[in-house]
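K.L.:
here is my input, please return the structure:
(chains A and B)
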Amino acid sequence: MAQAAESLQPSERKILTVGDLTRRIKKSIEDAIRYVWVAGELSNYKGPGPSGHLYFTLKDSESQIPCAMWKGMANRLRFEPENGMEVIAFGKVDVYLPYGKYQLIVEDMEPRGVGSLQLKFEQLKEKLQKEGLFEQARKRPLPFLPRKIALVTSPTGAAVQDMLRTLRTRCPALHIVVYPVKVQGDGAAEEIAAAIGHLNLAMADIDVMIVGRGGGSIEDLWAFNEEVVARAIHASRIPVISAVGHETDTTIADFVADLRALTPTDGAVKAVPKLDDLVLSLDDLDSKLRRALRTRADLSRSQLDGLRDGRALGRIEDLPQQLGQRLDELKERLDVGVGQASFYQRERLDLLKASLTADLPRLAEAGRRRVEHLTDLLRSDARRSLETAKARLRQAAASLEALSPVAILGRGYSITRLASTQEILKDAAQVKAGDRIVTRLGAGQIESKVEGKQP
Amino acid sequence: MTDKPVKKEKFEDYLRQVEETVKSLEGGKLGLEESIEKYETGIKALRQCYAILDQAEKKIQLLVKEKDGSLSAKDFDPGAEDKPAKKKEA
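P.N.:
Next comes the predicted model:
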């Protein structure tokens, strides 16, 4: 009410300076509150500054208060403060006159369970781990030499610069596509997840993508701890490198990604090989190839020399004498040609010469073996077909014999004819009593007279 | 934007081919003709490696989402590239 009275009566207005007012606020706050215990979540902590003092913010779902802890007190802390930690702080409220700002001067602090964000992190981590999203076995291999790479990150800021610079330095021959996304704040996680999905759909020729951002508070990095981002990385067909914050920051995205990079720059280093190194190793392979072939050619050349000196020739009986002479001639002629040829041609000629001559004894031997083999084959074939023919003949003879009536008579059957007509008798009605009949047996025949008959 | 599906020669496949060729040549168990053949495939694969490095596109693009939801790519000039990194925002 006193306040209202003052404003109503301008003549009696008591005018304060800003300083006076702030001093009065300071006094009333400091008198009213003195020392307190406050529970809250630690955030905005960036580690001890050069002075050794700690600055951070304590917050809960409703409000936040800036805090300072002077070096002497900070040194006595029994734990390492971390953002996201739930703590109880002991201190007094202080109003800083020059700025008219109040803060909590913390004199002691202790952790109080796990901070809520931290808890959320652990819970999601456990859930996804159980589902197998972090399993090493399902991680896609990164391409050895990506030709097209996507950066899912903020198009402004240091992270994208760091990545582009590193990529271009290491591997200038690279097609880089920046997919701009919000990396912190509301909707950031959804944007990142959508970008990963979209790249898989619309740009399937991307070889690898880096998903990340630069350092920040745990709140700043939070998008990379969201389930939707983890799921998108898991579903991506394109291999994903996570590159979030600094070395000390670990996010859920890091666990799901095919490869975790410590920082955006590290992500770029891990994504592509150093082109200069690559060219060096190609050059090295090139000279190794040439050297290996030259060694092989030298071997053949010394074999050829042995051949010319007759050491190898002596062992091959079938090789005609003149072959050796022809080889010598050939070698001489080639030597003349070789003398005039360039280095590379000479190498080729040497090889040609060596391959020709080294192969001759082998060919001769192979030829001889082949002829022998064929002869054997012919001989055994002839023998086999003769035996087959004999067997078939025997078989045919047996069949013929089986069919012959003589053979049937031999088994006890007989043929009976009417003596007068030589008609073969098949029915009793063909004869009458008194007829003369002749029966042919296996051996010899019987003449008889019909005495009687039954139908 | 959708790139045409280009046939992608795999650099690492060619590289592996060269390495294997070197190994088998250095093993010294091949006949001469076979060695020459191997050498020639090795050299061919090696040339492919160099060619792939030469052919690669060198560009930086920024994707822009169009109203219809499709993506288009425009050249990206990360302005501060030559200057020291700006104040860190992300």
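
K.L.:
show me the strands in the stretch 151-300 of chain A, by range?
P.N.:
A:175-180, A:208-213, A:240-244, A:259-261 (DSSP state E, counting those that start in this stretch).

K.L.:
okay, those in TSV with distance to B:D77 next?
P.N.:
In short, each C-beta sits where N, CA and C put it, glycine included. Compiled in TSV, the strands of the stretch 151-300 of chain A are given as follows (distance: least, C-beta to C-beta, whole Å):
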stretch	distance to B:D77
strand A:175-180	11
strand A:208-213	19
strand A:240-244	22
strand A:259-261	25
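
K.L.:
could those strands go into JSON lines alongside distance to chain B and mean pLDDT?
P.N.:
Listed next are the strands of the stretch 151-300 of chain A as JSON lines, based on distance: least, C-beta to the nearest C-beta, whole Å; pLDDT from 0 to 100:
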{"stretch": "strand A:175-180", "distance to chain B": "4", "mean pLDDT": "94"}
{"stretch": "strand A:208-213", "distance to chain B": "5", "mean pLDDT": "96"}
{"stretch": "strand A:240-244", "distance to chain B": "11", "mean pLDDT": "96"}
{"stretch": "strand A:259-261", "distance to chain B": "16", "mean pLDDT": "95"}
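
K.L.:
could you redo those strands as a markdown table and give each row distance to A:P66 and mean neighbour count?
P.N.:
Written out in a markdown table, the entries for these read as follows (distance: least, C-beta to C-beta, whole Å; neighbours: other C-beta atoms under 10 Å in any protein chain shown):
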| stretch | distance to A:P66 | mean neighbour count |
| --- | --- | --- |
| strand A:175-180 | 33 | 23 |
| strand A:208-213 | 25 | 29 |
| strand A:240-244 | 26 | 28 |
| strand A:259-261 | 33 | 21 |
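
K.L.:
dihedrals phi and psi, A:E80?
P.N.:
phi -90, psi 110 (degrees, to the nearest 10).

K.L.:
ok, so what distance separates it from chain B?
P.N.:
Relative to chain B, A:E80 is positioned 24 Å away (criterion: C-beta to the nearest C-beta, to the nearest Å).

K.L.:
which helices and strands sit right next to the helix or strand bottoming out on mean pLDDT in chain B?
P.N.:
Every helix and strand of chain B was ranked by mean pLDDT, DSSP states H and E. The lowest is strand B:71-75, at a mean of 82. Other helices and strands packing on strand B:71-75, by 3 or more C-beta pairs under 8 Å, 6 or more residues apart in numbering or on different chains; DSSP states H and E, are strand B:59-65.

K.L.:
check which residues of the strand it packs on are buried.
P.N.:
Within strand B:59-65, the residues that qualify as buried are B:I60, B:Q61, B:L62, B:L63, counting by 16 or more other C-beta atoms under 10 Å in any protein chain shown.

K.L.:
what lies in contact with it?
P.N.:
A:155, A:164, A:168, A:175-180, B:1, B:71-78 (C-beta atoms under 8 Å, 6 or more residues apart in numbering or on different chains).

K.L.:
adjacent strands (with direction) for it?
P.N.:
According to DSSP bridges, strand B:59-65 has the following sheet partners: strand A:175-180 (parallel), strand B:71-75 (antiparallel).

K.L.:
which stretch among the ones you listed comes nearest A:F224?
P.N.:
The closest of these to A:F224 is strand A:175-180. By C-beta to C-beta, the value is 15.2 Å.

K.L.:
not counting its neighbours along the chain, what's nearest the residue nearest the centre of chain A?
P.N.:
Ranked by distance to the mean C-alpha position of chain A (C-alpha atoms, centre = their mean), the top residue is A:P141 at 4.4 Å. Computed as C-beta to C-beta, 6 or more residues apart in numbering or on different chains, the closest residue to A:P141 that is not its neighbour in sequence is A:P239, at 7.1 Å.

K.L.:
what's the distance between B:K44 and A:L289?
P.N.:
For B:K44, the distance to A:L289 (C-beta to C-beta, to the nearest Å) stands at 11 Å.

K.L.:
B:S24 and B:K38 touch, don't they?
P.N.:
Yes: look at B:S24 against B:K38 with C-beta atoms under 8 Å: they come within range, at 6.1 Å.

K.L.:
the more surrounded of those two?
P.N.:
Taking other C-beta atoms under 10 Å in any protein chain shown, B:S24 and B:K38 do not tie; B:K38 has more neighbours (20 against 16).

K.L.:
quick one on the thing from earlier: list the contacts of the least confident helix or strand of chain B.
P.N.:
For strand B:71-75, contacts defined as C-beta under 8 Å, 6+ apart pick out A:177, A:198, A:202-203, B:1, B:59-66.

K.L.:
wasn't the residue nearest to the centre of chain A part of a strand?
P.N.:
No: with the criterion set as DSSP: H, G, I helix; E, B strand; the rest coil, the secondary structure at A:P141 is coil rather than a strand.

K.L.:
so for residue 87, what pLDDT did the model give?
P.N.:
Here I'm looking at chain A. You'll see A:V87 listed with a pLDDT of 89.

K.L.:
chain B is the one I meant
P.N.:
According to the model's per-residue confidence, B:K87 sits at a pLDDT of 42.

K.L.:
ditto for A:L8
P.N.:
pLDDT, A:L8: 56.

K.L.:
over to A:G91?
P.N.:
According to the per-residue confidence, A:G91 scores 93 in pLDDT.

K.L.:
pretty sure it sits against A:E107.
P.N.:
Yes: between A:G91 and A:E107 there is a contact under C-beta under 8 Å: 5.0 Å.

K.L.:
which of the two has more neighbours?
P.N.:
Comparing A:G91 with A:E107 by neighbour count (other C-beta under 10 Å), the higher total belongs to A:G91, at 21 against 16.

K.L.:
show me what from the stretch 51-200 of chain A comes close to chain B.
P.N.:
Within the stretch 51-200 of chain A, the positions near chain B by C-beta under 8 Å from any C-beta of the partner chain are A:143-145, A:147-148, A:153-162, A:164-165, A:168, A:172-180, A:183-184, A:198.

K.L.:
what subset of the residues you listed is buried?
P.N.:
Using 16+ other C-beta under 10 Å as the threshold, A:143, A:145, A:147-148, A:153-155, A:157-162, A:164-165, A:168, A:173-180, A:183-184, A:198 are the buried ones among these.

K.L.:
what's the spacing between the residue nearest to A:V183 when sequence neighbours are not counted and A:V181?
P.N.:
Take A:V183 and drop its neighbours on the chain: the residue closest to it by C-beta to C-beta, 6+ apart is A:R213, 3.9 Å away. When distance is defined by C-beta to C-beta, A:R213 is 9 Å away from A:V181.

K.L.:
okay, and the common contacts of the two?
P.N.:
Counting by C-beta under 8 Å, 6+ apart, the common neighbours of A:R213 and A:V181 are A:T153, A:S154.

K.L.:
pLDDT below threshold where in chain B?
P.N.:
With pLDDT under 70 as the threshold, chain B has low-confidence stretches at B:1-9, B:78-90.

K.L.:
go again using 50 as the cut-off
P.N.:
For chain B, applying pLDDT under 50 flags the ranges B:1-7, B:80-90.

K.L.:
run through the helices of it in chain order.
P.N.:
Assigned by DSSP state H, the helices in chain B fall at B:11-27, B:32-55.

K.L.:
let's have those in a markdown table, adding distance to A:N225.
P.N.:
As requested, the helices of chain B are exported to a markdown table (distance: least, C-beta to C-beta, whole Å):
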| stretch | distance to A:N225 |
| --- | --- |
| helix B:11-27 | 34 |
| helix B:32-55 | 38 |
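
K.L.:
of those, which approaches chain A most closely?
P.N.:
Taking C-beta to the nearest C-beta as the criterion, helix B:11-27 is the member of these that comes nearest to chain A, at 3.5 Å.

K.L.:
list the buried ones in the host helix or strand of A:K130?
P.N.:
Per DSSP states H and E: A:K130 is located in helix A:116-131. By 16+ other C-beta under 10 Å, the buried positions in helix A:116-131 come out as A:L117, A:Q118, A:K120, A:F121, A:L124, A:K125, A:L128.
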